[in-house]
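Peer 1: when you get a sec, could you give me coordinates for this:
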Amino acid sequence: MRLNGTNYDKINELPENAQPVSLYARDNKTAVGYVYIKHDRHFKPKEGVKPGKYPGYIIRCFQGSNYVIPQP
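Peer 2: Below is the predicted model of the structure:
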């Protein structure tokens, strides 16, 4: 559990197409950690490292839980 808040931007209203990260991972037959890794490699690359391929979603925090929001 994170003691200093979330790494992801907070939102006040949850879009209809948002899914908890765990459900998104299950529906896409992948590990929860890999959903976070793909997002972070694109949006938060380490210094001197080329950003990863666009994952097709963003992760946002709503009421303390992280949600995947598919984006075109």
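Peer 1: look up phi and psi at Ala31.
Peer 2: phi -80, psi 150 (degrees, to the nearest 10).
Peer 1: which one is Leu14 nearest to, not counting chain neighbours?
Peer 2: On the basis of CB to CB, 6 or more residues apart in numbering, the spatially nearest residue to Leu14 that is not a chain neighbour turns out to be Phe62, at 4.8 Å. (Each C-beta comes from the backbone N, C-alpha and C, glycine too.)
Peer 1: in this structure the one you found contacts Ala18, no?
Peer 2: Yes: because the distance of 7.3 Å satisfies CB atoms under 8 Å, Phe62 is recorded as touching Ala18.
Peer 1: please enumerate the strands of this structure.
Peer 2: For the chain, applying DSSP state E gives strands covering 19-20, 57-62, 65-70.
Peer 1: which helix in this structure runs the most residues?
Peer 2: As assigned by DSSP state H, the longest helix anywhere in the chain is helix 32-43.
Peer 1: pull out the buried residues from that helix.
Peer 2: Of the residues in helix 32-43, those buried by neighbour count under the rule 16 or more other CB atoms under 10 Å are Val35, Tyr36, Lys38, His39, Asp40, Arg41, His42.
Peer 1: which other residues reach it?
Peer 2: If you take CB atoms under 8 Å, 6 or more residues apart in numbering as the criterion, helix 32-43 is touched by 21-22, 24-25, 28, 51-55, 57-59, 68.
Peer 1: tell me which of those residues is nearest to Asn7?
Peer 2: Using CB to CB, Ile59 comes nearest to Asn7 of these, at 8.7 Å.
Peer 1: wait, what's in contact with the closest one?
Peer 2: Contacts were defined as CB under 8 Å, 6+ apart; by that measure Ile59 touches Tyr8, Val21, Val35, Tyr36, His39, Asn66, Tyr67, Val68, Ile69.
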